[in-house]
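Engineer: Next input, structure requested:
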Amino acid sequence: MPLAKHLFDLTGKVACITGASSGLGRRTAEVLAAAGANVVCVARRAEAIDTLVASLGSSAAGVVADVTERSVFDGLVQRISAVFGPPDILVHAAGVNTREPADAVTQEGWDQTIALNLSAPFFLSQAFVPSMKEKNWGRIVNFASLQTTRAFPGGIAYGASKGGIAQLTRAMAEAWSPHGITANAIGPGFFPTELTAAVFDDDARAARNAAQTCLGRNGQLEDIDGPVLFLCSDASAYVTGQVLMVDGGFTAK
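Structural biologist: Predicted coordinates:
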């Protein structure tokens, strides 16, 4: 196999993607499966997961679960490992944005946001690190955001969770990279997903966001393919503790 292809080949690897029912999580599952990985797709919506798994074929399995539910966490870990074995690659794409203004943030909204966006990536990674250590190989990819470094209206809880993701990623790298496990994050710009529906439903707002990028456009789902494959493969073996902004240059302006 030519060197370039070998670097991105995931044959024999097992990948687990949370938030795989739609948007960037679904796209990630499709990309990693196309690169040769066996993928475990995790999300709360059974019908969406069943549809995705059916489209990917025998290289995919589905787990319907809420990754924030602590009472069934041990069972979730076992279910993820049941079909293909413990994952070599973890992509934490599940997320929520309650869009509550600072003066109206509820305890429920805050707790929900932190639990899904920040706590779940850590505890799920922690559960699978021992098996990665045994292989001396692992890839953890968190999802950061424009709000990792920028403050947006109505985004105080979401921004706090995504700012935390940047530091969590660095701390994971410090703790686990000596064992062959890299930890990085992708920071998407504006992509058309369920989480950003409110943005793309407003044509004028979407156009303003596009104008703020260096490329002059918002993201398309295929724009995530190369970055996510890079961070999940041998191509990024010497990259860890980093946040890669995939935002068309939004944060560069």
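
Engineer: Contacts made by the strand or helix carrying residue 74 with the rest, please.
Structural biologist: Using DSSP states H and E, the element containing residue 74 is helix 73-81. For helix 73-81, the surrounding residues in contact (CB atoms under 8 Å, 6 or more residues apart in numbering) are 16, 40, 42, 63, 65, 67, 69, 86-87, 123-124, 127-128, 131. Glycine gets a C-beta too; all of them are placed from N, C-alpha and C.

Engineer: Most widely separated two among those residues?
Structural biologist: Spanning the widest gap among these are 69 and 131, at 21.8 Å by CB to CB.

Engineer: what stretches of the stretch 101-250 of the chain score poorly on pLDDT?
Structural biologist: Along the stretch 101-250 of the chain, segments meeting pLDDT under 70 are nowhere present.

Engineer: Among the contacts of helix 73-81, which lie within strands?
Structural biologist: Using DSSP state E, 16, 40, 42, 63 are the members of the contacts of helix 73-81 that sit in strands.

Engineer: can you list those in JSON lines and add distance to residue 166, neighbour count and pLDDT?
Structural biologist: Listed next are those as JSON lines, based on distance: CB to CB, whole Å; neighbours: other CB atoms under 10 Å; pLDDT from 0 to 100:
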{"residue": "16", "distance to residue 166": "22", "neighbour count": "28", "pLDDT": "98"}
{"residue": "40", "distance to residue 166": "26", "neighbour count": "27", "pLDDT": "98"}
{"residue": "42", "distance to residue 166": "23", "neighbour count": "29", "pLDDT": "98"}
{"residue": "63", "distance to residue 166": "27", "neighbour count": "20", "pLDDT": "98"}
